[in-house]
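In: structural data only, the sequence is not supplied:
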């Protein structure tokens, strides 16, 4: 098992490397999306694919996070919850695409759209918090999201100094 301080350092470095690639991927996806939006008539299927494609960088980040977390602890329960954390992100992206398709076809008001969006994302937030707590119970050295955010802030301060 890897100690908490070492994990934090590895996660910050991993996030920095992954975010560079994810940013490049985001710009490429947006470029292709704008090309289609401005040159062709957008159908429901094309719009749903574009929205889902914009989520690929978050999937890329989640995949790399999962791969790194799996190296920290070999216990089967820990590995299962790490995979579940990635599965939550994947399910969120898939359901977002379905949600966009449904919302587009219903053509309801903005309020209905906002309520449906909240109904989609709140369970995923709750599930993510639950998975993080389970991981902390299994492995006391698990780095939670708050600790990682604080480490990122500290790293940013150190780079600016």
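Out: Sure thing, it's come through. Nothing here was measured: the structure is a model prediction, and the numbers come from that model.

In: centre-most residue in this structure?
Out: Centroid-nearest residue in the chain: residue 58, 4.0 Å away (criterion: CA atoms, centre = their mean).

In: and after the helix or strand harbouring residue 71, which helix or strand comes next?
Out: Assessed by DSSP states H and E, residue 71 sits inside helix 56-72. Following helix 56-72 in sequence order, the next helix or strand is helix 76-106 (DSSP H and E).

In: packing partners for the helix or strand of the chain with the lowest mean pLDDT?
Out: Within the chain, no helix or strand scores below helix 44-53, which has a mean of 76 by mean pLDDT, DSSP states H and E. Packing partners of helix 44-53 (3 or more CB pairs under 8 Å, 6 or more residues apart in numbering; DSSP states H and E): helix 4-39, helix 76-106. Every C-beta, even on glycine, is put in place using the N, C-alpha and C of the backbone.

In: separation between residue 87 and residue 149?
Out: Distance, residue 87 to residue 149, by CB to CB, to the nearest Å: 23 Å.

In: neighbouring contacts of the least confident helix or strand of the chain?
Out: For helix 44-53, contacts defined as CB atoms under 8 Å, 6 or more residues apart in numbering pick out 29, 32-33, 36-37, 40, 42, 93-94, 96-98, 100-101, 104-105.
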